[in-house]
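1. Could you work out the structure for the sequence below:
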Amino acid sequence: MTTPARVVVVPKDPAPLEVQEVRLPDPGPNQVVVKQFASGVCHSQLHQIGRPREHPLILGHESTGVVIAAGGAVTHVEEGDIVLVTWVPRDAARADGLPEPSVLDVVGGTARAPNVFTWADHTIADQQYVVKAHPGIARDVTAIIGCAIMTGAGAVLNTANVQPGESVAVFGVGGVGLSAVVGARMRGAEPIIAVDLDDEKLEFARRFGATHGVNAAEVDPVEAIHEITGRPDQTAITRLPVTGVDYAFDCIGLKRTMEQLVPSCRPGHFGACQGGTAVLVGIPSEHVELNAMQIVSQEKQFRGSIGGSCAPDRDFPMFLDWHASGDLDLDALVTERYPIDDINEATEALRAGQIAGRAILEFED
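-> Sure, this is the predicted structure:
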């Protein structure tokens, strides 16, 4: 039978977000219905809210919950299982392709999601987006594994494959950036340089493993990174000492930060030593101009990372183990909690830069 749910709806025309009471359909063969405990509030959803649209939206893409119904073809979870919901498919290469995006009849028309929706006390999703977890996990703060942790830490572990002793700079230390800092610490990176515009955020980043903080509102972050780093035993093609990081991660996606990434990386030298790698993690909202000559002559790289290049079934258990062991302090990383009825306050606080780590929505039992 159908399931009653309270769901955040982004109206078709610009207006405050609405919490509507709807009924979720019975699950299809490959779908599950999840009663949710908590959902993350991601900065990328501000971009979705701000864009023109032809229909209402249902958003949210990271959560923790319990399966209350499953379709007949669902194989890896069953009713009663604790699960993490994410927007990255468990098997992106399956023969029948990716599932269709979620749709839901709401006041104002048919609302659509990019793939899943978790700003709701109950959701329905294809099994591709649902990862089984141990029943003893924390049921609130683990909600942010499905995007923030996966995206930030995954970029370090999977996209860049940072190795012990390599140097890292992370631009923007919100929820995703702090996750990248944790990933760099877990890989043994040294130094780990946090770059932001707020001294409190930079100090907060040290709790997660940053060894240095650079306030880009006060100094040129590129110059500061080169001052912190150095390889006195190496010289670049310019015959100057090599400075700069092995990996620079932009967890913001602004034009300025994207254009600071490549200059922050160390140069290479005629194949004897390749240059550093700039990794774009944040969703860009502007065009960027890169110095192509610097990329060629200094053998630097600029690459993107979507969802931390993660495989949820492989990576989520590792992140949960980090939390269980104390290596990933999700309780500290989740800095704000809101009930679903305060979703407009949550998004406004995020837009105003008032969320030090990650905010979550918590749903009543």
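
2. what's near enough to touch P4?
-> 21-24, 122 (Cβ atoms under 8 Å, 6 or more residues apart in numbering). Heads up, the C-betas are built off the backbone N, CA and C, glycines and all.

3. Assumed it was part of a strand.
-> Yes: using DSSP: H, G, I helix; E, B strand; the rest coil, the assignment for P4 is a strand.

4. Please name the bridge partners of it.
-> R23 (DSSP bridges).

5. ok, now how distant is it from P25?
-> Using Cβ to Cβ, to the nearest Å, P4 is found at 12 Å from P25.

6. rewinding a little: list buried members of the contacts of P4 by neighbour count.
-> 22, 24, 122 (16 or more other Cβ atoms under 10 Å).

7. what stretches of the stretch 1-150 of the chain score poorly on pLDDT?
-> Where the stretch 1-150 of the chain drops to pLDDT under 70, the residues are 93-96.

8. Show me where it has its strands.
-> 3-9, 18-24, 31-41, 62-70, 82-86, 103-106, 109-112, 122-126, 130-132 (DSSP state E, counting those that start in this stretch).

9. For the most centrally placed residue in the chain, give me its contacts.
-> For the chain, the residue nearest the mean C-alpha position is A148 (3.1 Å; Cα atoms, centre = their mean). Neighbouring residues of A148 by Cβ under 8 Å, 6+ apart: 40, 42, 62, 175-176, 179, 333, 358.

10. mind redoing it with 10 Å?
-> 40-43, 62, 174-180, 251, 308, 330, 333-334, 357-358, 360 (Cβ atoms under 10 Å, 6 or more residues apart in numbering).

11. Could you do H212 as well?
-> 169, 191-195, 202, 205-206, 224-225, 227-229 are the contacts of H212 under Cβ under 10 Å, 6+ apart.

12. Can you tell me how far T243 is from T211?
-> Distance from T243 to T211, by Cβ to Cβ: 16 Å.

13. of these two, who's got more company?
-> Higher neighbour count among T243 and T211: T243, with 21 against 18, using other Cβ atoms under 10 Å.

14. I'd say that one and P267 touch.
-> Yes: because the distance of 8.6 Å satisfies Cβ atoms under 10 Å, T243 is recorded as touching P267.

15. Could you give the bridge partners of the closest residue to I144 other than its chain neighbours?
-> Spatial nearest neighbour of I144, excluding adjacent residues (Cβ to Cβ, 6 or more residues apart in numbering): G40 at 4.3 Å. When bridges are called by DSSP bridges, G40 pairs up with I360.

16. Where does the record place the domain boundaries for this protein?
-> Per automatic domain parsing, the domain ranges recorded for the chain read 3-146+329-362, 149-306.

17. Between the two ends of the longest one, what distance do you get?
-> Start and end residues of domain 3-146+329-362 are separated by 19 Å (Cα to Cα, to the nearest Å).

18. Now find how far off-centre it is within its chain.
-> 14 Å (Cα atoms, centre = their mean, to the nearest Å).

19. just the last one next, same as before
-> Remark: domain 149-306 is offset 17 Å from the chain centroid, using Cα atoms, centre = their mean.

20. Okay, now it: how far is its last residue from its first?
-> 12 Å.

21. still on that earlier bit, out of the strands of the stretch 1-150 of the chain, nearest to F316?
-> With Cβ to Cβ as the criterion, F316 lies closest to strand 130-132 of the strands of the stretch 1-150 of the chain, at 5.0 Å.

22. and the closest one, what does it pack onto?
-> strand 31-41, strand 62-70, strand 82-86, helix 312-325 (3 or more Cβ pairs under 10 Å, 6 or more residues apart in numbering; DSSP states H and E).
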